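# Okay, here's the prediction I keep looking at, along with the sequence it came from:
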Amino acid sequence: MKLRRSMLFLPGSNAAMLSTAFVYRPDSIMFDLEDAVSLREKDSARMLVFHALQMPIYRDIETVVRINPLSTPFGMKDLEAVVRAGADVIRLPKTDTAADVHALEAEVERIERECGREVGSTKLMAAIESASGVVNALAIATSSKRLIGIALAGFDYVMDMQTERGDGTELFYARCAVLHAARYAKIDAFDVVFGDLNDEAGFLKEVDLIKRLGFNGKSLINPRQIELLHNAFAPTEEEVDYARRVVAAAAAGERQGLGVVSLNGKMIDAPVIDHARVVLRRAEASGVRK
Ligand SMILES: CC(C)(COP(=O)(O)OP(=O)(O)OC[C@H]1O[C@@H](n2cnc3c(N)ncnc32)[C@H](O)[C@@H]1OP(=O)(O)O)[C@@H](O)C(=O)NCCC(=O)NCCSC(=O)C[C@@](O)(CC(=O)O)C(=O)O
Ligand SMILES: [Mg+2]
């Protein structure tokens with residue numbers, strides 16, 4: 001089971017963060033060349049990220065680079081550098097249509113051929129940051145075989161919607177649209193950045209909500225958020241124990257030729273058994289909640 005619970009953003013211009021971020025063990029590290037980098041640092045940040053991607057410390061952690069949009073003077077330069085440097089995933093910001101992904105994919109394929117990387121080895125993810133992106137979420141999610149997932153980007157999205165971040169009501173439709181598109185396309189879905197580092201309770205409430213909705217994980221901006229997120233996504237001892245009992249009851253039922261059995265008065269059928277197996281695989285991959 002490939003875990004992508006935590007995707008930690010860090011500004012590509014910050015050399016100290018670039019060389020230490022791996023110690024926090026997020027599932028993926030996202031080097032940002034877009035909005036966290038000022039205009040005068042765009043070129044130096046690209047160089048820093050180009051070198052960081054080739055450091056041995058990043059060999060066993062998924063690396064994602066958020067490039068600038070291809071419509072800016074920086075986007076193509078970013079892409080040339082980071083595909084050649086071996087980024088695992090390119091995150092396209094402000095993806096409004098499937099055509100944005102097609103344009104990116106064509107350039108990635110050209111660069112892979114030019115530099116001798118295996119064609120198709122560079123994966124993509126699309127960040128949806130506008131009403132247009134949400135309306136086109138299904139077309140975006142199904143636009144390329146390279147896509148590992150789509151992410152909702154809350155800050156730009158609420159700006160586009162002429163509202164502001166609040167209790168989540170403002171994101172409800174977009175979260176559901178992004179999730180359904182991702183599930184239809186059988187790729188991952190990532191939730192928004194939570195910006196208030198001192199509001200741990202608010203962060204955990206949001207994590208609980210997005211876990212219940214079905215997101216795979218969340219974009220993060222600070223290492224403090226990683227352990228909280230991983231812990232909240234891990235199954236509890238009780239959930240693991242119950243899952244084991246469901247699997248055992250199902251096996252006993254199968255031996256008796258029964259498709260459906262009951263466990264303490266609760267119906268155990270195929271989807272319940274599948275869910276129990278997911279809980280057990282999750283516990284194996286991530287450990288049990290502390
Ligand atoms: C927020 C803050 C300045 C706070 O700094 P502070 O220094 O107060 O934090 P502290 O907790 O005190 O740091 C303790 C120790 O951790 C180190 N440390 C901190 N953060 C680290 C990190 N990220 N990676 C590695 N290391 C880190 C730090 O260096 C220190 O190390 P040391 O000195 O050695 O002890 C800092 O976190 C930070 O810059 N975050 C990343 C911001 C960023 O990338 N934004 C762009 C993406 S969002 C966006 O664009 C919106 C979006 O587009 C999103 C979408 O698309 O989804 C949309 O539209 O919604
Ligand atoms: Mg944004």
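Here it is on my side, so go on. Ligands and ions are numbered 1, 2, ... in the order given.

# residue contacts, the residue nearest to residue 105 when sequence neighbours are not counted?
Nearest non-adjacent residue to residue 105, counting by CB to CB, 6 or more residues apart in numbering: residue 144, 5.0 Å away. C-betas here are computed from N, CA, C, even on glycine. If you count contacts by CB atoms under 8 Å, 6 or more residues apart in numbering, residue 144 has them with 101-102, 105, 124.

# how about 10 Å then?
98, 101-102, 104-105, 108, 123-124, 126, 185, 187 (CB atoms under 10 Å, 6 or more residues apart in numbering).

# Show me the two of the residues you listed that sit farthest apart.
108 and 185 (18.4 Å; CB to CB).

# Between these two, tell me which one has more neighbours.
The residue with more neighbours, out of residue 108 and residue 185, is residue 108; 24 against 21, by other CB atoms under 10 Å.

# In terms of helices and strands, where is the residue nearest the centre of the chain?
Central residue check for the chain by CA atoms, centre = their mean: the C-alpha nearest the mean position is that of residue 190, 4.2 Å away. If you go by DSSP states H and E, residue 190 is part of strand 188-191.

# Quick one: check that strand for contact with ligand 1.
No: Strand 188-191 lies out of reach of ligand 1 by CB under 6 Å from any ligand atom, never closer than 7.7 Å.

# Give the buried residues for the following helix or strand past that strand.
Where DSSP H and E defines the elements, the next helix or strand beyond strand 188-191 is helix 200-213. For helix 200-213, the buried set under the neighbour-count rule, 16 or more other CB atoms under 10 Å, comprises 203-204, 206-207, 209-211.

# just stretch 254-270 next, same as before
Those would be 261, 263, 268, for stretch 254-270 by 16+ other CB under 10 Å.

# any chance of these in a markdown table, plus pLDDT and secondary structure?
Shown next, in a markdown table, are the buried residues of stretch 254-270 (pLDDT from 0 to 100; DSSP: H, G, I helix; E, B strand; the rest coil):
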| residue | pLDDT | secondary structure |
| --- | --- | --- |
| 261 | 92 | strand |
| 263 | 94 | strand |
| 268 | 94 | strand |
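
# residue boundaries of the strands in this structure?
Remark: strands assigned in the chain by DSSP state E are 6-11, 28-32, 62-66, 89-92, 123-128, 147-152, 188-191, 217-220, 261-263, 266-268.

# can you list the ones you listed in JSON lines and add distance to ligand 2?
Output for those, formatted as JSON lines (distance: least, CB to the ion, whole Å):
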{"stretch": "strand 6-11", "distance to ligand 2": "10"}
{"stretch": "strand 28-32", "distance to ligand 2": "10"}
{"stretch": "strand 62-66", "distance to ligand 2": "9"}
{"stretch": "strand 89-92", "distance to ligand 2": "10"}
{"stretch": "strand 123-128", "distance to ligand 2": "7"}
{"stretch": "strand 147-152", "distance to ligand 2": "10"}
{"stretch": "strand 188-191", "distance to ligand 2": "13"}
{"stretch": "strand 217-220", "distance to ligand 2": "10"}
{"stretch": "strand 261-263", "distance to ligand 2": "46"}
{"stretch": "strand 266-268", "distance to ligand 2": "44"}
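
# returning to that earlier point: and the contacts of residue 144, which of them are buried?
Here, 16+ other CB under 10 Å leaves 98, 101, 104-105, 108, 123-124, 126, 185, 187 buried among the contacts of residue 144.

# Dump these to TSV, plus distance to residue 232 and pLDDT.
Below are those laid out as TSV (distance: CB to CB, whole Å; pLDDT from 0 to 100):
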residue	distance to residue 232	pLDDT
98	33	98
101	31	98
104	32	98
105	34	98
108	34	98
123	26	98
124	28	98
126	25	98
185	26	98
187	22	98
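
# nearest to residue 196, of the residues you listed?
residue 126 (26.0 Å).

# right, and that closest one touches residue 151 too?
Yes: counting by CB atoms under 10 Å, residue 126 touches residue 151, with 7.4 Å between them.

# Common neighbours of these two, please.
91-93, 95, 178.

# Closest to ligand 1 out of those?
residue 93 (6.0 Å; CB to the nearest ligand atom).

# can you pull the contacts of residue 124?
64, 89-92, 95, 101, 104-105, 108, 143-150, 187.

# how is this protein carved up into domains?
6-233, 237-286 (the TED database).

# which one of the ones you listed is the most hemmed in?
domain 6-233 (a mean of 19; mean count of other CB atoms under 10 Å).

# quick one: contacts for residue 83?
Per CB under 10 Å, 6+ apart, neighbours of residue 83: 53, 65, 67, 90, 107-112, 114-115, 117, 121-122.
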